[in-house]
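Asker: the amino acid sequence is not available; the structure is as follows:
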């Protein structure tokens, strides 16, 4: 079965806390994708340390092939003991999805995950197990394309306690919200960000606890081919365009000259629009058969900036606004983040003599560097990247 | 009459956006919306002489937001009647 595991998370800090007591690790190796959500005891620094240790230890050990007992045992023996409560404690949820479609779920004291398939909530047949005095529940099942799994920390379930809701939001209500709002094939980013936003509202923008949502969606592989920069040698133009056009996924052309080459080789017209949605991003253009045509360096700078914010945010400070808009850069960033699991980069290395002009306020000769950066960011998001140079 | 402004990276940095805004304003003020078509194009290949444009296919170079008004009255407004 060919599928892609799209995983994204978003956190809220407890009001007035600088650090989050929830921690998420998303690890991809050759056989599987491992997602760990840990919620440390208390809040602030102490909770953050507990959660970080827990998620890192579990993630790293499972990745290297250790079994669950070993990982839990290690945590039990390593976590620092809280002076106030005389406890070393962090709850956790582990989800491991293997290449063959098998999934392994382990939960310890976290709210049970939400498993959505074809608009219905599936019940998970847990088995209970005792590891080092901790009652852990686990389950093995199979996933399929279109499935959505949402993991939450208890801050989500308790959203609004004592403020807008007497008893908080409760698990059933979160489930109802997800059933109403999650459509199959929705990107994980959208699910996690929207659910966290609702929590924040329920808390009246002053969360009483750290709250984290991890969304995992199983999606069909989506390929995007992107051509950026003219080939060094003109004779290669037709060959590159032909190879680029023979790809089956979505197609993006980045750069004015590159767009002109593609249009010329295809014998099609290029229509440049005049709408400026962002003054700093030149308008987009249209070529028949190409999904998106943008300007080059300036657009790519903003694309890299947007995606970088999402990669380095640790579930914080990102908001949907960054990806809402119509300029070329936002369109491209959204496509790369939400509708791309496999990126093919056709990198032309010809140097634009006009871009070597020292009078320009921004260095335009950095396209190659930007594309390398983009490739790294996409890899960090768990997407497959292939690069071809011309 | 057709005027095409370059919005390639280089011309963009030299201010195509402002040139377009100015031209849009001037065309509107002179009621020439039906006579003058304003379009954009990617790189026209004369980046060192930006902001580049073409007027009925003939190249026009070195437009800026400061000289575009003069250019408009000399080459566009005088030649078409509203």
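Answerer: Done, it's in. Nothing here was measured: the structure is a model prediction, and the numbers come from that model.
Asker: where does the chain dip in pLDDT?
Answerer: Using chain A here. Segments of chain A classed as low confidence (criterion: pLDDT under 70) are A:1, A:82-88, A:162-163, A:166, A:314-321, A:354, A:357-358, A:361-362.
Asker: my bad, chain B
Answerer: Across chain B, the stretches falling below the confidence threshold (pLDDT under 70) are B:81-82.
Asker: for residue 13, which non-adjacent residue is spatially closest?
Answerer: As the question left the chain open, I've gone with chain A. Distances taken as CB to CB, 6 or more residues apart in numbering or on different chains put residue A:20 closest to residue A:13, at 4.9 Å, once the chain neighbours are dropped. Using the backbone N, CA and C atoms, a C-beta is placed for each residue, glycine as well.
Asker: my bad, chain B
Answerer: Ranked by CB to CB, 6+ apart and with sequence neighbours excluded, the top spatial neighbour of residue B:13 is residue A:360, at 5.2 Å.
Asker: what separates the one you found from residue A:190, distance-wise?
Answerer: For residue A:360, the distance to residue A:190 equals 37 Å [CB to CB, to the nearest Å].
Asker: what about residue B:54, which SS state?
Answerer: In terms of secondary structure, residue B:54 is strand; the call rests on DSSP: H, G, I helix; E, B strand; the rest coil.
Asker: what does residue A:115 give?
Answerer: Taking three-state DSSP as the rule, one finds residue A:115 in the strand state.
Asker: give the bridge partners for it, please.
Answerer: Listed by DSSP bridges, the beta-bridge partners for residue A:115 are residue A:149.
Asker: what residues are up against it?
Answerer: For residue A:115, the contacting residues are A:121, A:122, A:124, A:147, A:148, A:149, by CB atoms under 8 Å, 6 or more residues apart in numbering or on different chains.
Asker: chain center to whichever helix in chain A runs longest, what's the gap?
Answerer: Longest among the helix segments of chain A by residue count, using DSSP state H, is helix A:44-63. Here helix A:44-63 shows a centroid-to-chain-centroid distance of 20 Å under the convention CA atoms, centre = their mean, to the nearest Å.
Asker: elements contacting the helix or strand that that helix is followed by?
Answerer: On the C-terminal side of helix A:44-63, the closest following helix or strand by DSSP states H and E is helix A:68-78. Other helices and strands packing on helix A:68-78, by 3 or more CB pairs under 8 Å, 6 or more residues apart in numbering or on different chains; DSSP states H and E, are helix A:44-63, strand A:127-131, strand A:134-142.
Asker: okay, the ones you listed, which one's buried deepest?
Answerer: The densest packing among these, expressed as mean neighbour count by mean count of other CB atoms under 10 Å in any protein chain shown, is seen in helix A:44-63 with a mean of 21.
Asker: quick one: list the elements packing against that one.
Answerer: In this structure, helix A:44-63 makes packing contacts with strand A:22-28, strand A:32-40, helix A:68-78, strand A:90-98, judged by 3+ CB pairs under 8 Å, 6+ apart.
Asker: let's have these in JSON lines, adding distance to residue B:55 and mean neighbour count.
Answerer: Formatted as JSON lines, the entries for the helices and strands packed on helix A:44-63 read as follows, by distance: least, CB to CB, whole Å; neighbours: other CB atoms under 10 Å in any protein chain shown:
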{"stretch": "strand A:22-28", "distance to residue B:55": "55", "mean neighbour count": "25"}
{"stretch": "strand A:32-40", "distance to residue B:55": "57", "mean neighbour count": "26"}
{"stretch": "helix A:68-78", "distance to residue B:55": "71", "mean neighbour count": "16"}
{"stretch": "strand A:90-98", "distance to residue B:55": "60", "mean neighbour count": "23"}
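Asker: quick one: closest of these to residue A:157.
Answerer: Residue A:157 lies closest to strand A:32-40 among the helices and strands packed on helix A:44-63, at 11.1 Å (CB to CB).
Asker: redo the helices and strands packed on helix A:44-63 as JSON lines? Include distance to residue A:7.
Answerer: Converted to JSON lines, these look like this (distance: least, CB to CB, whole Å):
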{"stretch": "strand A:22-28", "distance to residue A:7": "5"}
{"stretch": "strand A:32-40", "distance to residue A:7": "6"}
{"stretch": "helix A:68-78", "distance to residue A:7": "19"}
{"stretch": "strand A:90-98", "distance to residue A:7": "9"}
